[in-house]
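In: Build me a structure from this.
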Amino acid sequence: MSVSQSTLDITSFIDARKVGGFQLVVIALCAAVVFIDGFDTQAIAYVAPSIAKEWKLAPGALGPVFGAGLFGLMVGALILGPVADRIGRKPVIIVSVLAFGLFSLLTVTADSLTSLFMWRFLTGIGLGGAMPNAIALTAEYCPQRRRAALVMVMFIGFSLGSAIGGFLATVLVPRFGWVGVFWVGGLVPLVLAPLLLARLPESIRLLALHGGADHRIRALLARIDADPTLDDADRFVVAEEARGGVPVAHLFRDGRALATILLWIMFFMSLLDLYFLINWLPTVINASGVEVGTAVLISTMFQVGGIVGTLALAPLLDRGKPFAVLAFAYAAAALLIVVIGRLGGAILPLTAAIFAAGFCLTGAQIGANALTAVFYPTYIRSTGIGWALGIGRIGSIVGPIVAGVLLALRWPTPDIFLLGALPAVIGAAAAFAIGRETARAG
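Out: Numbers count the residues shown, from 1 in each chain. From the prediction side, this is the model:
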């Protein structure tokens, strides 16, 4: 006697329901991960003026250290994104959090540019592995109609962590020196890791694609909605293919090649400008005659602007023409970067311009993260996000290093920022082209 086997499509199940408490817990835990990620990524920029003075470094000498951390972020994103598509999001997130917590703690032992370079690189690998998987996991627990917006809201944690890092630096550095920032940046993720182990679920869509985990899926679906029909569903599926082979190769198949290349260009240009600004703003503002603590506080307005920009842009990206929204934001950011370079030490106008630049540039980048998560299917989602961020990290390395060289050559600040506006213009053009390509393919 045969027993009939019914199936339940996980995507349809999630899309048909409101966002509930369990999904909000997943979003909050992923937000906590990117909060610490943002804090540790930005920490070096906030303490750079203090390190430079304590170690008597020349202008621009910390450029390679900035680059080391960002190179580690690139390596982590490129390697650990595809790994997570194979073994799961949760283990990669936890290992990444433990790694960047440990290496951030070890940064307090640095006593030279060489040792600081090494610890920032190793910290960066962990940071790079955590981010794309937090984005992917959030996307996979959200209904389609609100996915981009909820991913953006989750990612506010990154901007919030970066901003709070600046405020904490103004308190910790005068009392404990620059090492105080890295003590906090190391201990908090080590405390967070056990909570993630206990409460963070695996990707429900990835479990279905890999197969053999129906009992785990049933339990997770029941936490989303205790639907009585779940008892009758013997097999859970997602309406997507799970293909073998090299995950990166699939980014260029099924009509995704041109959009993938354009996404990489957009991420490269966006992160080049983003890290050029967040790494060098405190130093440039300080060099214009503003006291170090005030320079750091002014710089945090870039992250505050990013939070407001993310909240403002998020509702627009689940509607029509989301890439047109990004193109407009990048174009506005280009204009604001030029303005920042011409304001010198005028505190109030400079603060307003930095806030507005953060609104546009950070808001657009977080929007790009969310739209990339929506664009790629489950079986290559972490790979797609990881590689877009990884290619973007090349830009994030180039930006601070080139700016450091130009500062060392004593280029005028307005000229440096004028050059810095060009990548935002290219990013706007790429975003516009992606919108045209996805509309044509769709």
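In: In terms of pLDDT, where does residue 83 sit?
Out: Residue-level confidence at residue 83 comes out at 92, pLDDT.
In: Might you report the residue contacts of it?
Out: By C-beta atoms under 8 Å, 6 or more residues apart in numbering, residue 83 lies in contact with residue 92. In this view, the C-beta of every residue, glycine as well, is placed from N, C-alpha and C.
In: Roughly how far does it sit from residue 248?
Out: Here the criterion is C-beta to C-beta, to the nearest Å. By it, residue 83 lies 12 Å from residue 248.
In: do residue 16 as well
Out: Plainly put, residue 16 is 33 Å away from residue 248 if you go by C-beta to C-beta.
In: Neighbour count: these two, which is higher?
Out: Ranked by neighbour count (other C-beta atoms under 10 Å), residue 16 and residue 248 place residue 248 first, with 17 against 11.
In: With adjacent residues omitted, what lies nearest to the most centrally placed residue in the chain?
Out: For the chain, residue 131 is the residue whose C-alpha lies nearest the centre (C-alpha atoms, centre = their mean; 5.4 Å). Residue nearest to residue 131 in three dimensions, not counting chain neighbours: residue 37, with 5.6 Å by C-beta to C-beta, 6 or more residues apart in numbering.
In: So for the one you found, what's the pLDDT?
Out: So, for residue 37, pLDDT stands at 89.
In: what does residue 232 give?
Out: Looking at residue 232, its pLDDT stands at 58.
In: Same check on the one 3 residues further on?
Out: At residue 235, the model reports a pLDDT of 75.
In: Ok, residue 228 next?
Out: Confidence score, pLDDT, at residue 228: 59.
In: got it, and the one 10 residues further on?
Out: Confidence at residue 238, expressed as pLDDT, is 74.
In: quick one on the thing from earlier: now do the residue nearest to residue 131 against residue 176, distance only.
Out: Taken as C-beta to C-beta, the span from residue 37 to residue 176 is 22 Å.
In: contacting residues for the closest residue to residue 392 other than its chain neighbours?
Out: Once flanking residues are discounted, residue 392 sits nearest to residue 267: 3.2 Å by C-beta to C-beta, 6+ apart. The contact partners of residue 267, by C-beta under 8 Å, 6+ apart, come to 368, 388-389, 391-392, 395.
In: ditto for residue 176
Out: If a contact means C-beta under 8 Å, 6+ apart, then residue 176 has residue 183 as its contacts.
In: Give the buried subset of the contacts of residue 267 as a PyMOL selection command.
Out: Command for PyMOL that selects the buried part of the contacts of residue 267, burial taken from 16 or more other C-beta atoms under 10 Å:
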select buried, resi 368+388+389+391+392+395
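In: Helices - which of the contacts of residue 267 land there?
Out: 368, 388-389, 391-392, 395 (DSSP state H).
In: Residue 358 and residue 68, how far apart?
Out: Per C-beta to C-beta, residue 358 is found 24 Å from residue 68.
In: Which one's more surrounded, those two?
Out: residue 358 (31 against 23).
In: in what helix or strand does the nearest residue to the more buried one once chain neighbours are set aside lie?
Out: Spatial nearest neighbour of residue 358, chain neighbours left out: residue 305 (2.9 Å); criterion: C-beta to C-beta, 6+ apart. Secondary structure assignment for residue 305, by DSSP states H and E: helix 292-317.
In: What mean pLDDT does that helix get?
Out: 88.
In: what's downstream of that helix, the next helix or strand?
Out: Using DSSP H and E, the helix or strand that follows helix 292-317 towards the C-terminus is helix 322-341.
In: How far does that following helix sit from its chain's centre?
Out: Counting by C-alpha atoms, centre = their mean, to the nearest Å, helix 322-341 is centred 19 Å from the centre of its parent chain.
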